[in-house]
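Novice: Sequence and predicted model, in that order:
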Amino acid sequence: MPNVKFAMTYTRARVTVTVGKNGDDFVIYDEFLYPDSKHFVELADVDRLIEPYAEKWLIFSLSVHIEEQQLSDETSGTEEVIYTNERDLSCSVISCKANIINATAEDFCRDHFLTLLDGPKVTAPGWAEYLTYIGTESPSCVVTLDNGETRAKNVPIMIQTDEWKLISCSHDNFEVAGRTVVSYTISAGNRSQVFTVDHHTDPEVAPVLMFYNSFGVQEMAYCTGKHQQISSFDRKQSRFGRLKKSYQIEEKESFKADTGYLTFTMANWWREVFRSSYVELMLIYDGVFSSDRYLPIVITSEKAELSNEADHLPRFTFEYEYADRNHNIYDARAEGRIFDNTFDNTFN
């Protein structure tokens, strides 16, 4: 978001910044500003001022009202406004924390889904996948089967507004009886996203993460590598009479996760997970996601290295822990599993 800079001829300017959505306007800045020696006023870091609203609304209106005021030269102790000059600046704002070069906001939204994935996404049967886009076009899907045949499929729309759509792009929506789906392409207007299907990966992997990307919309990420649990306890103890007691026990459950081997396109996209400020751990059992329970987590460290060596295959590891203060998490459906549903795979 560029700074708001304007020239002045009068004494001062009352600057009012307003954001609006669906007819509701909110004034978020209202101050008197005075020009510098060159008769300019500059309102800097507007993006930080409007960031909370961008995260909440995705698309909204922004207006800046400038009212120049000429004050009287009287020294009676009261200021009298004798001249005014008003002007307005307005625009539509779309939430985006990425520095997108060589494309305007209009071009990007017309030609891309709201994701920084710039190539095929690897998915698997049973995995949930979502895409969001700004526009009114209807989504479509073309499926490529193992015999080279293609089929057209309908794409479920999960959320639809006058400005944007959230669509379900999961493999299970596009299955064809008696055939294996190799890949499928989701399209909407000029936008297209290819999904390649890995039929050798177990649907129940861990961890499964839902995160908010650079546009403030949801995406899913799946880790197919090793998953570890590390438990630690911080105890504060003292003697009460003759007995020594632990009067405060803080449990910390931390986890180490491995993305598994990635394509370079997927590796570049995975950094979206690490830069996200809100990540949730999704619970899945018997191939079904829990719709009534999620666990917010925080990623505490990561190793995300890429190189141009010919034999280098991207693979990231990271650590995370529960965001909730209470780390004593119990899932009644676990049925004896140690800490996630993939532990059963050890004995299969």
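Specialist: Structure's in. What do you need?
Novice: Now for this protein, the helix or strand with the poorest mean pLDDT.
Specialist: strand 288-303 (a mean of 80; mean pLDDT, DSSP states H and E).
Novice: Go through the helix or strand just after it and flag the buried ones.
Specialist: Next helix or strand after strand 288-303 toward the C-terminus (DSSP states H and E): strand 317-322. Buried positions in strand 317-322, judged by neighbour count with 16 or more other C-beta atoms under 10 Å: Thr317, Phe318, Glu319, Tyr320, Tyr322. In short, each C-beta sits where N, CA and C put it, glycine included.
Novice: Can you give the contact residues for strand 317-322?
Specialist: For strand 317-322, contacts defined as C-beta atoms under 8 Å, 6 or more residues apart in numbering pick out 207, 225, 252-259, 274, 279, 281, 295-304, 327, 329.
Novice: how much distance is there from that strand to the middle of the chain?
Specialist: 18 Å (C-alpha atoms, centre = their mean, to the nearest Å).
Novice: Partner strands of it and their direction?
Specialist: strand 243-258 (antiparallel), strand 288-303 (antiparallel) (DSSP bridges).
Novice: still on that earlier bit, just the buried ones from the contacts of strand 317-322?
Specialist: Buried among the contacts of strand 317-322 by 16+ other C-beta under 10 Å: 207, 225, 254-255, 257-259, 279, 281, 295, 297, 299, 302, 304, 327.
Novice: what about the helices in the stretch 101-250 of the chain?
Specialist: 105-111 (DSSP state H, counting those that start in this stretch).
Novice: shaky segments in it?
Specialist: Regions of the stretch 101-250 of the chain meeting the criterion pLDDT under 70 are absent.
Novice: tell me the contacts of Ser254?
Specialist: Contact analysis of Ser254 by C-beta under 8 Å, 6+ apart lists Gln229, Ile230, Ser232, Thr300, Glu319, Tyr320, Glu321.
Novice: ok, now how distant is it from His227?
Specialist: Applying C-beta to C-beta, to the nearest Å, the value for Ser254 to His227 is 12 Å.
Novice: got it, and Tyr10?
Specialist: Counting by C-beta to C-beta, the gap from Tyr10 to His227 is 65 Å.
Novice: Please apply the same query to Ser168.
Specialist: 26 Å.
Novice: Phe108 - nearest residue in space that isn't next to it in sequence?
Specialist: Closest residue in space to Phe108, ignoring its immediate chain neighbours: Ile100 at 5.8 Å, by C-beta to C-beta, 6 or more residues apart in numbering.
Novice: where does the one you found land on pLDDT?
Specialist: What the model reports for Ile100 is a pLDDT of 89.
Novice: Count the neighbours of it for me.
Specialist: 13 (other C-beta atoms under 10 Å).
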